[in-house]
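Visitor: Model the following, please.
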Amino acid sequence: MKLLVIFLDGFHPDYLKHPRAKALADLAARSAVSEMEPVLGFSNANKVSLFTGTAPDVHEQWSYFQYAPDKSPFKTAATQAFRWIDHVPGELPRKGLKFALSKTYVARYGRARGYPKLSWENVPIGLLENFDHTERDLLKGVGVPSLFSIATAHGHRCAWVDVPWYPKDRHLAKLEHAIRENDVVVMYNANMDAAGHWFAPEAGSKFDAWLERTDALVARALGWAREHWGSAFETMLVSDHGMASTMRHVNLPKILKSIPGHGRDFIPFIDSTMARFWFHTDSAKRRVEDAMAAVGNGRFLDESDRRALGVDFAHRGYGDAIYLLEPTTAFYPAYVSWVKPRGMHGYDPRHPTQTAAFLTTGRTPSPRVRSTTLLNDMLHSIGIREHPPPTRGGATALTGERHAHACAACGGH
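Guide: Residues are numbered from 1 along each chain as shown. Below you'll find the predicted structure:
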C-alpha cells in the first residue's frame, strides 16, 4: 500500500462540513474523521510531533528560536552591523527591511551553514545573538525516528511537497511527479492558516474563497493518486491546529523595553501567544513578573503545566519562564509575525478553538486523538508494524542501516 498525507496547516475539522469544500466533504463521507489535540507551540513543533509521535520535550524542535548564545549563527559582525534597523522610525519600514534581508542575504548565509530556512523574522537585531535557529528538514532527520526514516529503512520512497498559496504549474507538476515516483507523499499547504490569520476563521467570503482553493488542490492530489496508484493507497488528512479570533492585541515589546535591564538582565522572546524569558538577575525576574501580571489574560506555566503540555525541557534553551495567553488575546508586534493577526493559534491545545483535524481512509481511530499518537497509524497503512516512540532522555535516532537492523530484530516490520 501507498500513503498520501494531505497536511493542511490551520485546518479545523468543522471546515470539512463547509458547503464550498465539496472534495473534502466527499473524502470525509468515506473516511473516519477525528478531532485532534495538537501540541503546544506553532507549526514547527506540531509538524515534528505529528511525524515522530513524540512531544516537543523529546524531539526538541519546539520554537524556531532557542536560547543558545554560544552557538548563535547571528553572533557575527555581519549580523550585528544591521543593528541600526532597530532604530529605523516606523514599524513597517523596520519589518520591510528585515523581511527583504531574511529572504535574500540571511537565507543564503543560512544554507551555506546547514540551516534550511534561516531567518531573522521580526526579532530585534540587538537580541538575535542570543538565539540559534532550530528548524530542521524532517526528511533528512530530526534526531528521533520519523515516518520518513522508518519508511525509508523499509525500502519505501518518500517525498514532502510544499504547495504555496498561489501554486503555479511547476508546483503542481512537482506534486504529481512526487505521487508518481514515491510510496509515501506528504502534500503540505498553508492556505487555511493564512486565511485564519488574515480574515479570522470563518469570517465570510474571503475566507470561503481560500477554503475553495484548498478544496480544489485536494481534489487534484486525490486525482493524481488514483491515476498513478490505482486503489492501492490510503489517504490521511492531518492539520496542526485550529484558530481563534483575536479580539485584543497587546504591544508587549513596548512594555518590556521600559523595564530596566531589558536585553541585559533578562532576555525576552515574544511569540504571538506566548512570551519566553531568560533571567540573569532575581530583580529582573521580579520586574518581569510584575509587568506580566499587569498584562493579564494569561499565566506563567508551572512545572505541572509543562509536563502535561510536553514542554518540560531538561535545559533552559526554551525559556526559564513561559507566559501563555488565553485565546482571543495576542501579542502584537511579535518576534515571529509580519501582520496584525485577526485569528491566532498557539494557545493551550486543549482549548476547543485549537482543535485540529485527522481523517483516514484506513483503520478507524478514536473520536478524539492526540497528534503524538498518529505515527503508528501512518506506519500501519504502509505495512510496517508498530514502533514504540522514544521517550524523553532515551531518544535515539534510528535511521538508515541502524534502523534496518533494529527492524530486522522484530521481523522486518
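
Visitor: For the residue minimising distance to the centre of the chain, give its distance to Asp162.
Guide: Taking CA atoms, centre = their mean, the centroid of the chain lies closest to Ser43, which sits 1.1 Å from it. According to CB to CB, to the nearest Å, Ser43 stands 12 Å off from Asp162. To be clear about C-beta, it is placed using only N, CA and C from the backbone, and glycine gets the same treatment.

Visitor: got any ranges where this structure has weak pLDDT?
Guide: Scanning the chain for pLDDT under 70 picks out 203, 392-413.

Visitor: Against Phe331, how distant is Asp26?
Guide: Plainly put, Asp26 is 40 Å away from Phe331 if you go by CB to CB.

Visitor: Compare the two (neighbour count), which wins?
Guide: Shown here are Asp26 and Phe331; by other CB atoms under 10 Å, Phe331 has more neighbours (25 against 14).

Visitor: Tell me what the more buried one is bridged to.
Guide: Beta-bridge partners of Phe331, counted by DSSP bridges, are Val250.

Visitor: can you give me the helices in the stretch 51-200 of the chain?
Guide: 56-59, 77-80, 91-101, 107-112, 125-128, 147-153, 169-181, 191-199 (DSSP state H, counting those that start in this stretch).

Visitor: Quick one: list the elements packing against the first one.
Guide: Under the contact criterion of 3 or more CB pairs under 8 Å, 6 or more residues apart in numbering; DSSP states H and E, helix 56-59 touches helix 43-52.

Visitor: Export the helix it packs on to PDB, keeping only CA atoms.
Guide: Output of helix 43-52 as PDB, limited to C-alpha atoms (Å, rounded to 0.1, in the frame of the first residue of the first chain):
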ATOM      1  CA  SER A  43       3.900  24.800  13.100                       C
ATOM      2  CA  ASN A  44       7.500  23.600  13.600                       C
ATOM      3  CA  ALA A  45       6.600  21.800  16.900                       C
ATOM      4  CA  ASN A  46       3.400  20.300  15.600                       C
ATOM      5  CA  LYS A  47       4.800  19.200  12.300                       C
ATOM      6  CA  VAL A  48       7.600  17.300  14.000                       C
ATOM      7  CA  SER A  49       5.300  15.800  16.700                       C
ATOM      8  CA  LEU A  50       2.900  14.600  14.000                       C
ATOM      9  CA  PHE A  51       5.500  12.600  12.100                       C
ATOM     10  CA  THR A  52       7.700  11.400  15.000                       C
END
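
Visitor: ok, residues contacting it?
Guide: Here helix 43-52 makes contact (CB atoms under 8 Å, 6 or more residues apart in numbering) with 7, 9, 38-39, 54-56, 58-59, 61-64, 134-135, 138, 142, 144-148, 186, 190, 193, 238, 240-241, 310, 356, 371-372, 374-375, 378, 389.

Visitor: redo that, cut-off 7 Å
Guide: With CB atoms under 7 Å, 6 or more residues apart in numbering as the contact definition, helix 43-52 has outside contacts at 9, 38-39, 55-56, 59, 61-62, 64, 135, 138, 142, 144-148, 238, 240-241, 371-372, 374-375, 389.

Visitor: List the ones among those residues that fall in strands.
Guide: Among these, the members falling in strands are Val238 (criterion: DSSP state E).

Visitor: Can you give the domain ranges for this protein?
Guide: 2-59+136-244+349-408, 74-129, 248-340 (automatic domain parsing).

Visitor: Which one, of those, ends up nearest to Ala68?
Guide: Closest to Ala68 of those, according to CB to CB: domain 248-340, at 6.1 Å.

Visitor: can you give me the helices for the stretch 251-400 of the chain?
Guide: Using DSSP H, counting those that start in this stretch, the helices found in the stretch 251-400 of the chain span residues 252-257, 282-295, 303-309, 375-381, 400-408.

Visitor: remind me, longest helix of the chain?
Guide: Ranked by residue count under DSSP state H, the longest helix found in the chain is helix 205-229.

Visitor: Please tell me how far the nearest residue to Glu129 once chain neighbours are set aside sits from Val339.
Guide: Once flanking residues are discounted, Glu129 sits nearest to Lys75: 4.2 Å by CB to CB, 6 or more residues apart in numbering. Lys75 sits 29 Å away from Val339, going by CB to CB.

Visitor: So for those two, which sits in the more crowded spot?
Guide: When Lys75 and Val339 are compared on other CB under 10 Å, the one with more neighbours turns out to be Lys75, at 16 against 10.

Visitor: Do I have it right that that one meets Leu128?
Guide: No: Lys75 is beyond contact range of Leu128, at 8.1 Å (criterion: CB atoms under 7 Å).

Visitor: what's the neighbour count on Tyr188?
Guide: Tyr188 has 18 neighbours, counted by other CB under 10 Å.

Visitor: Which residues are in contact with it?
Guide: Counting by CB under 7 Å, 6+ apart, Tyr188 has contacts 7, 160-163.

Visitor: buried subset of the residues you listed?
Guide: Buried members of the contacts of Tyr188, scored by 16 or more other CB atoms under 10 Å, are 7, 160-161, 163.

Visitor: need these in JSON lines with distance to Arg299, can you?
Guide: As requested, the buried ones among the contacts of Tyr188 are exported to JSON lines (distance: CB to CB, whole Å):
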{"residue": "Phe7", "distance to Arg299": "31"}
{"residue": "Trp160", "distance to Arg299": "36"}
{"residue": "Val161", "distance to Arg299": "39"}
{"residue": "Val163", "distance to Arg299": "38"}
